[in-house]
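A.B. asks: based on what follows, work out the 3D shape:
(one chain, ligands or ions: 1)
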Amino acid sequence: MDHFTYRDGILHAEDVPLPEIAAEVGTPFYVYSTATLTRHYNLFDEALSPLDHLVCYAMKANSNQAVLTLMAKLGAGVDVVSGGEYRRAKAAGFPGDRIVFSGVGKTAEEMELALTGGIRQFNLESEPEMLLLSEVATRLGKTVPVTVRVNPDVDAKTHEKIATGKSENKFGIPISRASEVYAEIATLPGLEVVGIDVHIGSQLTDLAPFEAAYLKVADLTHQLRAEGHDIRRLDLGGGLGIPYERSNTAPPLPLEFGEVVKRTVGDLGCEVEIEPGRLIAGNAGLLVSDVIYVKKGEDRKFLILDAAMNDLIRPAMYDAWHDIVPIQEPVAGVEITPYDVVGPVCESGDTFSKGRALPPLKRGDLVAFRSAGAYGAVMSSEYNTRPLIPEVLVHEHQFAVIRARPTFDEIINRDSIPSWLEG
Ligand code: LLP
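C.D. replies: The predicted structure follows:
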């Protein structure tokens, strides 16, 4: 459930009519709902209780400081994958002991940053990384809690670009080698094994792969404990999918995911962490855009929007579907016809959807892409020198710009001219 509904024929974000935001900030823009973000965090928190647990929001999905500040206030932990994300977490008020550091290529600088600023744990992904972290921690006189991300060789049955749990993927260490790797860590100074980490992919719409992976983690917990390691924390990753297409069957709910967690690892006496990103932010956000033109092609109509692939790359990158709805509620019985929905960028890949069934639309109408709160703004770029679009947060009847649109001067002045070209 989200908080974007039609009232008196106009789509609202909570209590705010979207045309009101459009009039103030201009289009295109992203808009997020505080109530939906809060609700989604709470759903996970409740799904894992009464287990000892921490929901570590995967900020890669949406790392706006306002969203992070909300999560920190709700009591969430946070999953970061870069020094930049670590800095964002600290700036939003997350204490070090609620920040988990994931990622396959952490650098010595990033390790040092987190060791100095405070960290709950590093999720290690390779042996060279273990050696480097041991070195950096020892140099700083610290002992750092670590888990090892194991690759359970489970098919997440999701888009190939966001599946991470098969042995051919670059993530984690093969679960078959876990015993050997944990034995090696135990000999390294500066590292303290606290648990096991697993993350098999994103936008999973079936619970079976989670169940298979977590059962393997449960077996591994027993084995590693028998080998003398103090496994007391399990990081089970993120990945639960969201309903992108409202006319389709909805993926399982956090509550059902929580049941899988309890069934598979609930009796191990471990503290459980999860790292959801998409489910918290995805359906809490819309991308609102204006119709620039409706153009007649040979055999089709093009709906040319002022939003483009640089603002929302998911359709071009993953053939992702986003529901597109008019801000003005269509009247019942109106004729629905196919449109190719495109942006103004100069490549054919700048197509949001082909043959999308929509009510009649004309120049100047507003439309919204649903489920755009996760992996939308964070993956945007200024391709074609299109400024990054504003982000707006709504709370009941209030709204605030939480990232302003840069001016063209700001964009142009970020570049500099080398001396030999001046004059
Ligand atoms: N933890 C780790 C280690 C991850 O790599 C990810 C996502 C998550 C947690 C959060 O997964 P989520 O709950 O959001 O599914 N850009 C793609 C998604 C990439 C996901 C990468 N890793 C998209 O737009 O679909």
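A.B. asks: give me the pLDDT value at the residue nearest to residue 142 when sequence neighbours are not counted.
C.D. replies: Of all residues beyond its chain neighbours, the one nearest residue 142 is residue 115 (5.2 Å), with distances taken as Cβ to Cβ, 6 or more residues apart in numbering. Where C-beta positions appear, they are placed from N, C-alpha and C, glycine not excepted. In this model, residue 115 is scored at 98, pLDDT.
A.B. asks: regarding residue 115, what is its secondary structure?
C.D. replies: Following DSSP: H, G, I helix; E, B strand; the rest coil, we place residue 115 in the helix state.
A.B. asks: now the strands for the stretch 151-300 of the chain?
C.D. replies: Using DSSP state E, counting those that start in this stretch, the strands assigned to the stretch 151-300 of the chain run over residues 173-174, 191-197, 233-235, 271-274, 285-296.
A.B. asks: buried deepest among the ones you listed, which one?
C.D. replies: Highest mean neighbour count of the strands of the stretch 151-300 of the chain: strand 233-235, a mean of 26 (counted as mean count of other Cβ atoms under 10 Å).
A.B. asks: same list (the strands of the stretch 151-300 of the chain) but as CSV, adding mean pLDDT and distance to residue 139.
C.D. replies: As requested, those are arranged in CSV below (pLDDT from 0 to 100; distance: least, Cβ to Cβ, whole Å):
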stretch, mean pLDDT, distance to residue 139
strand 173-174, 94, 24
strand 191-197, 98, 13
strand 233-235, 98, 25
strand 271-274, 98, 27
strand 285-296, 98, 42
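A.B. asks: the residue nearest to residue 142 and residue 108: what is the separation?
C.D. replies: In this structure, residue 115 and residue 108 are separated by 10 Å, where distance is defined by Cβ to Cβ, to the nearest Å.
A.B. asks: those two: who's more crowded?
C.D. replies: For residue 115 against residue 108, the residue with the higher neighbour count under other Cβ atoms under 10 Å is residue 115, and the figures read 22 against 12.
A.B. asks: check the gap between the spatially most central residue of the chain and the ligand for me.
C.D. replies: By Cα atoms, centre = their mean, the chain has its centre lying nearest to residue 61, at 1.9 Å. For residue 61, the distance to the ligand (Cβ to the nearest ligand atom, to the nearest Å) stands at 5 Å.
A.B. asks: list the contacts of the nearest residue to that residue once chain neighbours are set aside.
C.D. replies: With Cβ to Cβ, 6+ apart as the criterion, residue 61 has its nearest non-adjacent residue at 3.1 Å, and that residue is residue 277. Shown here is residue 277, whose contacts under the criterion Cβ atoms under 8 Å, 6 or more residues apart in numbering are 57, 58, 59, 60, 61, 62, 79, 202, 238, 374, 375.
A.B. asks: now swap in residue 340 and tell me
C.D. replies: Taking Cβ under 8 Å, 6+ apart as the definition of contact, the neighbours of residue 340 are 297, 300, 301, 302, 303, 351, 353, 354, 355, 356.
A.B. asks: nearest to the ligand, of those?
C.D. replies: Within these, distances to the ligand taken as Cβ to the nearest ligand atom reach their minimum at residue 353, with 15.8 Å.
A.B. asks: what residues does the stretch 251-400 of the chain have near the ligand?
C.D. replies: Proximity of the stretch 251-400 of the chain to the ligand (Cβ under 6 Å from any ligand atom) is limited to residues 275, 276, 277, 278, 279, 314, 318, 375.
A.B. asks: of those residues, keep whichever come out buried.
C.D. replies: 275, 276, 277, 278, 279, 314, 375 (16 or more other Cβ atoms under 10 Å).
A.B. asks: pull the most distant pair out of these.
C.D. replies: Largest separation among these by Cβ to Cβ: 275 and 314, giving 19.7 Å.
A.B. asks: can I get the contacts of residue 277 in CSV including secondary structure and pLDDT?
C.D. replies: Shown next, in CSV, are the contacts of residue 277 (DSSP: H, G, I helix; E, B strand; the rest coil; pLDDT from 0 to 100):
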residue, secondary structure, pLDDT
57, strand, 98
58, strand, 98
59, helix, 98
60, helix, 98
61, helix, 98
62, coil, 99
79, strand, 98
202, coil, 96
238, coil, 98
374, coil, 98
375, coil, 98
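A.B. asks: what about residue 417, neighbour count?
C.D. replies: Burial of residue 417 is recorded as 8 neighbouring residues (other Cβ under 10 Å).
A.B. asks: relative to residue 348, how far out is it?
C.D. replies: 33 Å.
A.B. asks: for the stretch 251-400 of the chain, just list every one of the helices.
C.D. replies: 254-265, 278-281, 314-318 (DSSP state H, counting those that start in this stretch).
A.B. asks: now tell me what touches the shortest one from outside.
C.D. replies: Which is helix 278-281. The set of residues external to helix 278-281 that reach it, using Cβ under 8 Å, 6+ apart, is 32, 37, 40-41, 44, 57-58, 61-62, 67, 71, 202-203, 238-242, 254, 373-375.
A.B. asks: what does the longest one give?
C.D. replies: Under the criterion Cβ under 8 Å, 6+ apart, residues 40, 43-44, 46-48, 51, 207, 210-211, 214-215, 217-218, 221, 234, 236, 240, 272, 274, 276, 279 lie in contact with helix 254-265.
A.B. asks: only the buried subset of those residues, as a PyMOL command please.
C.D. replies: Remark: buried members of the contacts of helix 254-265, expressed as a PyMOL selection using 16+ other Cβ under 10 Å:
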select buried, resi 40+43+44+47+48+51+207+210+211+214+215+217+218+221+234+236+240+272+274+276+279
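A.B. asks: who touches the lowest-mean-pLDDT helix or strand in the chain?
C.D. replies: One helix or strand of the chain scores below all others by mean pLDDT, DSSP states H and E: strand 173-174, with a mean of 94. With contacts defined as Cβ under 8 Å, 6+ apart, strand 173-174 is touched by 125, 126, 127, 148, 149, 150, 151, 153, 167, 181.
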